[in-house]
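Asks: how does the following fold in three dimensions:
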Amino acid sequence: MYQERVVLCGSSAYEKKYYLNEDFLGLPEQIRQELQIMCVLYTEEIGGVLTLVYEDDGTLEFEVSADEGDLLFDEIGSVLKIKELRQKKRELLEALELYYKVFFLGEELEE
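Replies: Numbers count the residues shown, from 1 in each chain. Now for the predicted structure:
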């Protein structure tokens, strides 16, 4: 169904905006809010742009970018914050991967 990577959501410290892919409006409101809070807090604390992207196999990856001249972007803090988010939000991230694999890639649930 999808041949390339799919963006779930993202936040930009530069534009002060949050984006949720319309294909994921079927997610429960609480999960959508949790994603928004997670992304916006990241960009407020670290700076730059954070995007959550599904790889071809359904794994969810954090992608970070920053403007070349952005001296306020915390590159070391970014690595540490993503590590922290992966630990604290592990269940949410795993559930989002499962959701994508079942509803978008058409994979069967394993018993």
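
Asks: what number of residues lie near residue 45?
Replies: Neighbourhood size, residue 45 [other C-beta atoms under 10 Å]: 12. For every residue, glycine as well, the C-beta is placed using N, CA and C.

Asks: so it versus residue 79, what's the distance?
Replies: As judged by C-beta to C-beta, to the nearest Å, residue 45 and residue 79 stand 13 Å apart.

Asks: same question for residue 29.
Replies: Taking C-beta to C-beta as the measure, residue 29 and residue 79 are separated by 31 Å.

Asks: what about the two, which has more around it?
Replies: When neighbours are counted by other C-beta under 10 Å, residue 79 comes out ahead of the other of residue 29 and residue 79, with 12 against 8.

Asks: can I get the CA coordinates of the helix or strand encompassing that one in CSV?
Replies: Assigned by DSSP states H and E, residue 79 belongs to helix 75-88. Taking Å, rounded to 0.1, in the frame of the first residue of the first chain, the C-alpha atoms of helix 75-88 are listed here in CSV:
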residue,chain,number,x,y,z
GLU,A,75,22.6,18.4,19.5
ILE,A,76,23.7,16.4,22.6
GLY,A,77,20.5,17.2,24.4
SER,A,78,18.6,15.9,21.3
VAL,A,79,20.2,12.5,21.5
LEU,A,80,19.6,12.2,25.2
LYS,A,81,16.0,13.4,24.9
ILE,A,82,15.2,10.9,22.2
LYS,A,83,16.7,8.1,24.3
GLU,A,84,14.6,9.3,27.2
LEU,A,85,11.4,9.4,25.1
ARG,A,86,12.1,5.9,23.7
GLN,A,87,12.2,4.6,27.3
LYS,A,88,9.4,6.6,28.8
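
Asks: now do the buried residues in the next helix or strand after it.
Replies: Counting by DSSP H and E, the next helix or strand C-terminal to helix 75-88 is helix 90-103. Applying a neighbour-count criterion of 16 or more other C-beta atoms under 10 Å, one finds 93, 96, 97, 99, 100, 101 buried in helix 90-103.
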